[in-house]
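Visitor: sharing a sequence plus its predicted fold:
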Amino acid sequence: MSIKKSGSILFASKVIKTIFDIASIMLLSRFLFISDYGIYRQVLISQQLVISILTLGIPNSALFYLSTERKKEYLTNLYVSLTSFSVLVLIISPFLADLFDANFKVNFFKNNVLIISLIYSLGIFSSATENILVALNRTKKLISYTLIPTFFWFLGLLFYLIFEKYTILNILVLLILRYIIGILLLISFTRKDINFRYLNLKMVREIVIFGVPIGLSTILGMLNKNVDKLVVGYFVDSVDFAIFSNGAYEIPFLSLLTSSLFTVLIPELKKLKDLDNVQKLKELWIRSGNIMVTLMIPIASSLIFFAKPFIVFIFSEKYLASIPYFRIYQIMLYFRIYVYGSIFVATKNNRLFLINAVYSLIFNLILDILLVIKLGPIGAVIATVLTTVFLVFLQLFNIKNILNIKFSETFPWINWFKSIVVTVGINSGFYIFYSLFSSNLLGLLFMFLSFVVSFLVLSKLVNNEILKYVFSVLKIINLKK
């Protein structure tokens, strides 16, 4: 299968899964008690941290070793590695439960340690599935792996709704069953390649050691992403945590959009760097920034202005208190024009990128603690935004030195600032009309219209490549009809 086709299947499966995950959040936030929903979010955060720390980069090792000619030998040893870490988590789960209970000031983790340990353990074993199927060229199987457990999960939530069984424990048991179904599918897809005569402890060690450097980067990224929630969780109860976590909500589709573009760009950036063609590299970097400006800035402005109807639509009116957090949190989107790590990867400056992540984590942790003590949970949101700005400027300064260019050439500053001014103006106009009606449904309509108008205007003023691409796709669809 071609890279383009594999990439399309991978992207499509992620989009479908994301849609159902958002729909699941909409159900859970409406039908769980706020305190139970807060605990559910705490469990998910703890799981993300445990998986990122204790897998030690094994998912990345899977992609590397299963792409070699000895893939069958490595597959068996990879499964042994994942099983070993899964068993390890089962053993240390009581300690982890005490740790998270202490941080969130609850007793839920220890009181339900068996369920928690299974979620952690199964999550670790499942962490490399996507990379395993891609490396073994079983990309089509990804659709089944993604959709079957996701549909089961969503239908289970609907079943609980119909029969009024919405409890936190039932939800977590359903999550465990979702993992089990996924693991059974993975084993069925790869069972012919599993052969225990290939078991080799040296290979197991090789797989683990290879993933450690990349795993450290993943750990730092996950800590940076969740440090605000850990700090807030220490100072507030589960109800206030639920309100905060919904306010600190990152739209899943946005990371898919940016990562998709810059994953494609990395090879081209690397080629230009290898050819020492800094001028072309700089032009491509700025061009990609201008492309994302036309999309990310309109989204950011629309979400900030129309935060209320969006929060009510996703989480219900129970979480109106999340709106101030959400508005401030979306300011980060103005700065997420780039996947900044792509330039570090393309120029072989991974170590520098890792150092930046350490600085960012320290800055974020100190600022979070100080501002939460001073301002309460909203201080954590402010700290996260300030940390994002700090990291962006730090990375731009590094990019300036790496490419030996001016700081003004590292970012499309003029178009970026112009786009913010234009979109704020457009959204202000639509917001005035919305304020006359105060209808959440109309608010969503005005949010969509303000985004579309902003996007069209910026396509005219800044860059029209996305608009051209949309028209070309529509043209192809019409021709097929």
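Guide: Now that the structure is in, tell me what you want to look at. Numbering: from 1, shown residues only.

Visitor: now the closest residue to Phe407 other than its chain neighbours: which helix or strand?
Guide: Closest residue in space to Phe407, ignoring its immediate chain neighbours: Lys400 at 5.0 Å, by Cβ to Cβ, 6 or more residues apart in numbering. To be clear about C-beta, it is placed using only N, CA and C from the backbone, and glycine gets the same treatment. Assigned by DSSP states H and E, Lys400 falls within helix 377-403.

Visitor: list the buried residues in that helix.
Guide: Neighbour counts using 16 or more other Cβ atoms under 10 Å place 377-388, 390-392, 394-396, 398-400, 402-403 of helix 377-403 among the buried residues.

Visitor: for stretch 223-241, same thing?
Guide: So stretch 223-241, judged by 16+ other Cβ under 10 Å, has buried residues 223-233, 235-236, 238-241.

Visitor: just stretch 135-153 next, same as before
Guide: Ala135, Leu136, Arg138, Thr139, Lys141, Leu142, Tyr145, Thr146, Pro149, Thr150, Phe152, Trp153.

Visitor: tell me which of those residues fall in helices.
Guide: In helices, defined here by DSSP state H, the members of these are Ala135, Thr139, Lys141, Leu142, Tyr145, Thr146, Pro149, Thr150, Phe152, Trp153.

Visitor: make a markdown table from those residues and add pLDDT and distance to Glu250 to it.
Guide: Below are these laid out as a markdown table (pLDDT from 0 to 100; distance: Cβ to Cβ, whole Å):
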| residue | pLDDT | distance to Glu250 |
| --- | --- | --- |
| Ala135 | 79 | 28 |
| Thr139 | 74 | 27 |
| Lys141 | 84 | 29 |
| Leu142 | 83 | 23 |
| Tyr145 | 88 | 24 |
| Thr146 | 87 | 20 |
| Pro149 | 94 | 23 |
| Thr150 | 93 | 19 |
| Phe152 | 95 | 25 |
| Trp153 | 96 | 20 |
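
Visitor: quick check, nearest of these to Phe20?
Guide: Thr150 (4.9 Å; Cβ to Cβ).

Visitor: gap between that closest one and Gly247?
Guide: 26 Å (Cβ to Cβ, to the nearest Å).

Visitor: element containing Leu157, please.
Guide: Going by DSSP H and E, Leu157 is in helix 139-162.

Visitor: which other helices and strands does that helix contact?
Guide: Contact here means 3 or more Cβ pairs under 8 Å, 6 or more residues apart in numbering; DSSP states H and E; on that basis helix 139-162 packs against helix 3-31, helix 129-135, helix 168-190.

Visitor: most tightly surrounded among the ones you listed?
Guide: helix 129-135 (a mean of 22; mean count of other Cβ atoms under 10 Å).

Visitor: checking the residue sitting furthest away from the middle of the chain next. Helix, strand or coil?
Guide: For the chain, the residue at maximal distance from the C-alpha centroid (Cα atoms, centre = their mean) is Arg197, at 38.0 Å. Taking DSSP: H, G, I helix; E, B strand; the rest coil as the rule, one finds Arg197 in the helix state.

Visitor: what of Tyr249?
Guide: Relying on three-state DSSP, one would call Tyr249 coil.

Visitor: pLDDT below threshold where in the stretch 1-150 of the chain?
Guide: Low-confidence segments of the stretch 1-150 of the chain (pLDDT under 70): 1-10.

Visitor: can you do 90?
Guide: Low-confidence segments of the stretch 1-150 of the chain, defined by pLDDT under 90: 1-18, 52-79, 127-146.

Visitor: show me where pLDDT drops low in the stretch 251-400 of the chain?
Guide: 251-289, 291-292, 336-357, 399.

Visitor: so Leu88 is in which element?
Guide: helix 71-104.

Visitor: next SSE after that helix?
Guide: Downstream of helix 71-104, the next assigned helix or strand under DSSP H and E is helix 108-111.

Visitor: packing partners for that following helix?
Guide: Going by 3+ Cβ pairs under 8 Å, 6+ apart, helix 108-111 lies up against helix 34-54, helix 71-104.

Visitor: name the nearest residue to Leu295, ignoring sequence neighbours.
Guide: Per Cβ to Cβ, 6+ apart, closest to Leu295 is Ile466, 6.2 Å.

Visitor: then Gly233?
Guide: What sits nearest to Gly233 in space, not counting adjacent residues and going by Cβ to Cβ, 6+ apart, is Phe104, at 4.4 Å.

Visitor: hmm, the one you found is touching Val236, no?
Guide: No. Applying Cβ atoms under 8 Å, one finds Phe104 not in contact with Val236, separated by 9.1 Å.

Visitor: re the thing from before, can you redo the buried residues of stretch 135-153 as CSV with distance to Leu185?
Guide: Putting the buried residues of stretch 135-153 into CSV (distance: Cβ to Cβ, whole Å) gives the following:
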residue, distance to Leu185
Ala135, 17
Leu136, 14
Arg138, 11
Thr139, 14
Lys141, 8
Leu142, 10
Tyr145, 5
Thr146, 10
Pro149, 7
Thr150, 11
Phe152, 11
Trp153, 13
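
Visitor: closest to Leu352 out of these?
Guide: With Cβ to Cβ as the yardstick, the closest approach to Leu352 among those comes from Ala135, at 27.8 Å.

Visitor: list the contacts of the closest one.
Guide: Ala62, Leu63, Tyr65, Leu66, Ser67, Lys71 (Cβ atoms under 8 Å, 6 or more residues apart in numbering).

Visitor: what sits closest to it if chain neighbours are left out?
Guide: Ala135 sits nearest to Leu66 (Cβ to Cβ, 6+ apart), 3.5 Å away.
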